[in-house]
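*Asks:* Fold the following and give me the result.
(3 chains)
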Amino acid sequence: MHLNGWEVTLAIVFLPGVVLASASGLMLTWVDRFVAARVQWRKGPPAYQPFADILKLLLKQTTVPAGGSRVTFLAAPIIGFASMCVIAMLLFFANFFPHVSFVGDLLVLVYLFALVPLATIVGASASRNPLSAVGASREMTLYLGYELPFLLALAVPIVRTGGAIRLGDLVLAQRGTGPFLFSLSGAIAAVIVLICIHAKLGYVPFDQAEAEQEIMSGVLIEYSGAPLAMFRLTKAMMFFLMPCFLVTVFGGGLASFWAIPELLLAWVIIILVKNTNPRFRIDHALRFFWFILGPLGVVAVALALMKL
Amino acid sequence: MTDAEAGLRQLVPEAEVQERSPRRFYIRIPRERLTVAAQFLHRERGMRLATCTGIDTREGFEVLYHFCEDGTGTIYTLKVLASKDDPRIESQSPWSPAADWIEREMHELLGIDFPGHPNLTRLLTSDTDWDADMYPLRRDFVRSRGGEAKTRREAHEQ
Amino acid sequence: MKDPLVWGLKRSPWVYHVAAASCNNCDIEILELLTPRYDVERFGIVLVGSPRHADVLLVTGVLNRKSLPRVLEVYKQTPKPCFVIGIGTCACGKQLFRNSYNSVGPYDKYLPVHSYVPGCPPKPEAMMLGVIRALGKL
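*Replies:* Numbers count the residues shown, from 1 in each chain, chains lettered A, B, ... in the order given. Next up is the predicted model:
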């Protein structure tokens, strides 16, 4: 099956790109706020709250800080948002039409995931604000931290399928042999990727970049109106899509029998960890990723090489 | 008589010591001897400059330097008087960082000058909207002065 | 739904706290308002860290000559439409400090204030009522 440009655009812009990913992502952020409220013995916001937030932000005035780079400032959220939409399209086509995926689209996905913190860093640097510069440097540090174990863990399914870097091949291989999650190396790698997902999302305990109490919303301090809405929407979509990525690469694909329980488990774990932990210091977080998860990733790759 | 009191009397013969309680001493010294006495209390007796107080009295501006002897819990206060037409007191900031901001406050609120202070700018009061010789804590300060100085337009344009 | 912006502002008012030379009593009460006991999140109220994310400015304290340009700067940085709610009797009408040499005019001389919550300090329930009444008038 070959897709022409029109179908690809429709998939990015409409379904599953913007509509499905953003709607599901926003509902998930509501679930997170609901759980946080119940953990604190209170009622929590109504179910339409995230949609009201985004709608209100889209309709408010956009302020651009004077003296910064206006084009970069306004383009940065669009970069992150666009990459999320493309990720949505790639993931869904790889899962439900595995023959459509192209060679190397796993690496493309890794680069697209990297565009989101990059967009945040670029936007923060264009803000001409010392607090956002601190947030940007923290975001960069965090990115260098979690990308190392993330890539090591992603090497595990590549090794186990004998060098396939096509998402479609990974999905098909798991349909044959069962999800990689059920092997020892796959399980370790999946746990590493789950922790890295938590950090990519910028959720507590890894939200140093957007620390509200310390640096007044850090990277997003100068953003308002529609660009802020786009950043928040990107984060919500990421909350939906990253566990989907985890299930695609480790859990047997979104079309398999185990998909829904695994997705639910990933979301539940992220929400619970987010609501019950304080924030790490940035150097503690870096040390955690490099010196605890990194060696664990090497162990997982070694186990994969031993076919465990 | 405590050692500190004895040392001070020897250093500054014109000192008048008043012992309000066993742990509270008020020592009036002429303002030219302030640095010597304060440095004696801090460097040789090991006391810490806790705070300074300024007040506008009938005789002039009275500035009090409170030194705490933390070992015994005793407070020694040096009182100097600056006359109203020449309110200058030698600054203690070059050798004591504790006196820095307090002297700035006394300068902006009472109008006492501290020659030798490295940075005698205003601290608490507004840097943009303040009249030149407005010293609010002086007794002759007219209370109703100041307040509704700005219109809305002026405030937004600033 | 007459106006989506009005609906959005009513359902999701994000709050930023501006303390203009207050004695901090009202600030402490605002902090208490944001604790789980009063659960302001069910109205969509969230405390944000930057005035550029805010819809509602909770101002406390008497304006004085030093804080006036700064409060105005914060107001200018808040994207419009935004609401200013004066918390505490000092914000309502200067109270103790009305004859002070340092206090400038009441808030509505420089900013459009949409709601006043008197009290010294006002109880968190009173503040919540003030915010909800201000939004209800939209």
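*Asks:* okay, CA-based contacts and neighbour counts for the rest of this
*Replies:* Will do.
*Asks:* ok and the residue in chain B nearest chain C?
*Replies:* residue B:126 (4.1 Å; Cα to the nearest Cα).
*Asks:* Nearest spatial neighbour of that residue, chain-adjacent residues omitted?
*Replies:* The shortest distance from residue B:126 to any residue other than its chain neighbours is 4.1 Å, reached at residue C:66 (Cα to Cα, 6 or more residues apart in numbering or on different chains).
*Asks:* Pull the number of nearby residues for that neighbour.
*Replies:* 20 (other Cα atoms under 10 Å in any protein chain shown).
*Asks:* Over to residue A:248?
*Replies:* 25.
*Asks:* Surely it and residue A:171 touch.
*Replies:* Yes. Between residue A:248 and residue A:171 there is a contact under Cα atoms under 8 Å: 6.5 Å.
*Asks:* intersection of neighbour lists for those two?
*Replies:* Taking Cα atoms under 8 Å, 6 or more residues apart in numbering or on different chains as the criterion, residue A:248 and residue A:171 both touch residue A:95.
*Asks:* Check the spacing between residue A:283 and chain C real quick.
*Replies:* Noted for residue A:283: a distance of 23 Å to chain C, by Cα to the nearest Cα, to the nearest Å.
*Asks:* Show the pLDDT at that residue.
*Replies:* pLDDT, residue A:283: 87.
*Asks:* What is the neighbour count of it?
*Replies:* Residue neighbour count, defined by other Cα under 10 Å, stands at 13 for residue A:283.
*Asks:* got it, and the one 3 residues further on?
*Replies:* The local packing count at residue A:286 equals 18, with neighbours defined by other Cα under 10 Å.
*Asks:* ok, now which ones touch the closest residue to chain B within chain C?
*Replies:* Relative to chain B, the nearest point of chain C is residue C:66 (4.1 Å; Cα to the nearest Cα). Residues near residue C:66 by Cα under 8 Å, 6+ apart: B:125, B:126, B:127, B:128, B:129.
*Asks:* do residue B:121 as well
*Replies:* Contacts of residue B:121 by Cα under 8 Å, 6+ apart are B:104, B:108.
*Asks:* Phi and psi next, for the closest residue to residue A:3 other than its chain neighbours.
*Replies:* Nearest non-adjacent residue to residue A:3, counting by Cα to Cα, 6+ apart: residue A:100, 7.7 Å away. Per-residue torsions, residue A:100: phi -80, psi -20 (degrees, to the nearest 10).
*Asks:* Residue C:34 now?
*Replies:* phi -90, psi 10.
*Asks:* measure it to residue C:40 for me?
*Replies:* Distance, residue C:34 to residue C:40, using Cα to Cα, to the nearest Å: 7 Å.
*Asks:* Repeat that for residue A:260.
*Replies:* From residue A:260 to residue C:40 the distance is 34 Å (Cα to Cα).
*Asks:* which one of these two has more residues nearby?
*Replies:* Taking other Cα under 10 Å, residue A:260 and residue C:40 do not tie; residue C:40 has more neighbours (19 against 15).
*Asks:* ok, residue B:17 - contacts?
*Replies:* Contacts of residue B:17 (Cα under 8 Å, 6+ apart): B:5, B:25, B:26, B:27, B:28.
*Asks:* Which helix or which strand is home to it?
*Replies:* strand B:16-21 (DSSP states H and E).
*Asks:* what residues does chain C put near chain B?
*Replies:* Those residues of chain C that sit near chain B, judged by Cα under 8 Å from any Cα of the partner chain, are C:65-69, C:72, C:99-105, C:109-110.
*Asks:* could you redo the last one with a cut-off of 6 Å?
*Replies:* C:65, C:66, C:101, C:102, C:103, C:104, C:105, C:109, C:110 (Cα under 6 Å from any Cα of the partner chain).
*Asks:* got a pLDDT number for residue 72?
*Replies:* Picked chain A for this. 91.
*Asks:* that's the wrong chain, I wanted chain C
*Replies:* The score at residue C:72 is 93. That number is its pLDDT.
*Asks:* got it, and the one 10 residues further on?
*Replies:* According to the prediction, residue C:82 has pLDDT 89.
*Asks:* Repeat that for residue A:78.
*Replies:* For residue A:78, the predicted pLDDT is 93.
*Asks:* Secondary structure class of it, three-state.
*Replies:* Applying DSSP: H, G, I helix; E, B strand; the rest coil to residue A:78 yields a three-state assignment of helix.
*Asks:* Residue A:227 versus that one, what's the distance?
*Replies:* From residue A:78 to residue A:227 the distance is 8 Å (Cα to Cα).
*Asks:* where's whichever helix in chain B runs longest relative to the chain centroid, distance-wise?
*Replies:* As assigned by DSSP state H, the longest helix anywhere in chain B is helix B:99-110. Chain-centre distance of helix B:99-110: 7 Å, with Cα atoms, centre = their mean, to the nearest Å.
*Asks:* mean confidence for stretch B:12-32?
*Replies:* So the average pLDDT for stretch B:12-32 ends up being 88.
*Asks:* buried sites along it?
*Replies:* For stretch B:12-32, a neighbour-count test (16 or more other Cα atoms under 10 Å in any protein chain shown) marks B:12, B:15, B:17, B:24, B:25, B:26, B:27, B:28, B:29, B:31 as buried.
*Asks:* Would you work out how far apart the start and end of it are?
*Replies:* From its first residue to its last, stretch B:12-32 covers 10 Å (Cα to Cα).
*Asks:* what's the distance between that stretch and the middle of its chain?
*Replies:* Using Cα atoms, centre = their mean, the offset of stretch B:12-32 from its chain centre is 16 Å.
*Asks:* Same check on stretch B:113-125?
*Replies:* Per Cα atoms, centre = their mean, the centroid offset for stretch B:113-125 relative to its chain is 12 Å.
*Asks:* what's the answer for stretch C:20-37, then?
*Replies:* Centre to centre, stretch against its chain (Cα atoms, centre = their mean), the figure for stretch C:20-37 is 11 Å.
*Asks:* which residues of chain A score low on pLDDT?
*Replies:* Residues of chain A meeting the criterion pLDDT under 70: A:1-2, A:14-17, A:211-215.
*Asks:* Count the residues that sit near the closest residue to residue A:149 other than its chain neighbours.
*Replies:* For residue A:149, ignoring the flanking residues on the chain, the nearest one in space by Cα to Cα, 6+ apart is residue A:294 at 4.7 Å. Residues within reach of residue A:294, counting by other Cα under 10 Å, total 23.
*Asks:* Quick check: phi and psi on residue A:294?
*Replies:* Here is the backbone geometry of residue A:294 (degrees, to the nearest 10): phi -60, psi -60.
*Asks:* and residue A:127, helix, strand or coil?
*Replies:* Assignment for residue A:127 (three-state DSSP): coil.
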